[in-house]
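Engineer: sharing a model that was predicted from the sequence below.
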Amino acid sequence: MKILFATNNPHKVEEIQAALGPSLEVISLRQANIFVNIPEPYDTLQDNASGKSRIIFDMTGMDCFSEDTGLEVEALAGEPGVKSARYAGEPSTFDQNIDKLLSRLGDHSNRNARFRTIISLVLGGKEFLFEGICEGSILSGRRGKGGFGYDPVFVPKGSTRTFAEMTLKEKNQFSHRKKAASKLIEFLQMYMAS
């Protein structure tokens, strides 16, 4: 089965495809020759995910899914949250976002944080939502060269290494995106079997 992923982010496409495995082929917007920047104007991950999948479904009539992910830091009352990708302003780089996060956290003793992903699937015009959460903590400095976003400063619960120090396969043992994608796959398998 093939399904359209409403994103222009190649990192997300790679991670989602690895999380979903061979049973579902993910087609990116670029691969489908859809060249559109989809806004994320909402105040919640769910609304942004829903908005993106609805826009692409309305444009193409194709079953599709999208996701929005945020890093929620306990000591910062859930920041950067829905603004994770543009925390340091627009436009901002991964490094600028990390710099702002580490500066805001300072030497605060509470380093608890979590990544949260919401996937919005639009299938036959109906929407279905799936959530994945990865608990962890924020380091005071970067470690590792892999991954993207906040991966160099995030250590998932149950590990001593950052996401940036892991292979994609290792990261998927903890990943918020993998957890949400697993729920998506389980749903689609039941849907196709019914």
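Structural biologist: Thanks, I have it. Residues are numbered from 1 along each chain as shown.
Engineer: quick check: longest helix of the chain.
Structural biologist: helix 176-193 (DSSP state H).
Engineer: touching that one from outside, list them.
Structural biologist: With CB atoms under 8 Å, 6 or more residues apart in numbering as the test, helix 176-193 has contacts from 1, 3, 12, 15-16, 19-21, 23-24, 65, 67, 69, 114-119, 121, 123, 128, 130-134, 171-172. Where you see a C-beta, it was placed from the backbone N, CA and C, and this is true even at glycine.
Engineer: so which of the residues you listed belong to strands?
Structural biologist: 3, 65, 67, 69, 114-119, 121, 123, 128, 130-134 (DSSP state E).
Engineer: worst-scoring helix or strand of this structure, pLDDT-wise?
Structural biologist: Least confident helix or strand, the chain: helix 10-20 with a mean of 88, by mean pLDDT, DSSP states H and E.
Engineer: let me know the angle separating it from helix 176-193.
Structural biologist: Helix 10-20 runs at 60 degrees relative to helix 176-193, counting by axes from the mean of the first three to the mean of the last three CA atoms, to 10 degrees.
Engineer: buried stuff in helix 10-20?
Structural biologist: 12-13, 15-20 (16 or more other CB atoms under 10 Å).
Engineer: output the residues you listed in a markdown table, with distance to V73 appended to each entry.
Structural biologist: Listed next are these as a markdown table, based on distance: CB to CB, whole Å:
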| residue | distance to V73 |
| --- | --- |
| K12 | 21 |
| V13 | 26 |
| E15 | 21 |
| I16 | 24 |
| Q17 | 28 |
| A18 | 26 |
| A19 | 24 |
| L20 | 28 |
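Engineer: how many other residues sit next to L129?
Structural biologist: Here the number of neighbours of L129 (other CB atoms under 10 Å) works out to 15.
Engineer: find the nearest non-adjacent residue to it, please.
Structural biologist: S120 (5.8 Å; CB to CB, 6 or more residues apart in numbering).
Engineer: surely Q96 is in contact with A88?
Structural biologist: Yes. Taking contacts as CB atoms under 8 Å, Q96 lies within contact range of A88: 3.9 Å.
Engineer: which of these two has more residues huddled nearby?
Structural biologist: Taking neighbours as other CB under 10 Å, Q96 and A88 compare with A88 leading, 19 against 14.
Engineer: that one falls within a helix, correct?
Structural biologist: No. With DSSP: H, G, I helix; E, B strand; the rest coil as the criterion, A88 is assigned coil and is not in a helix.
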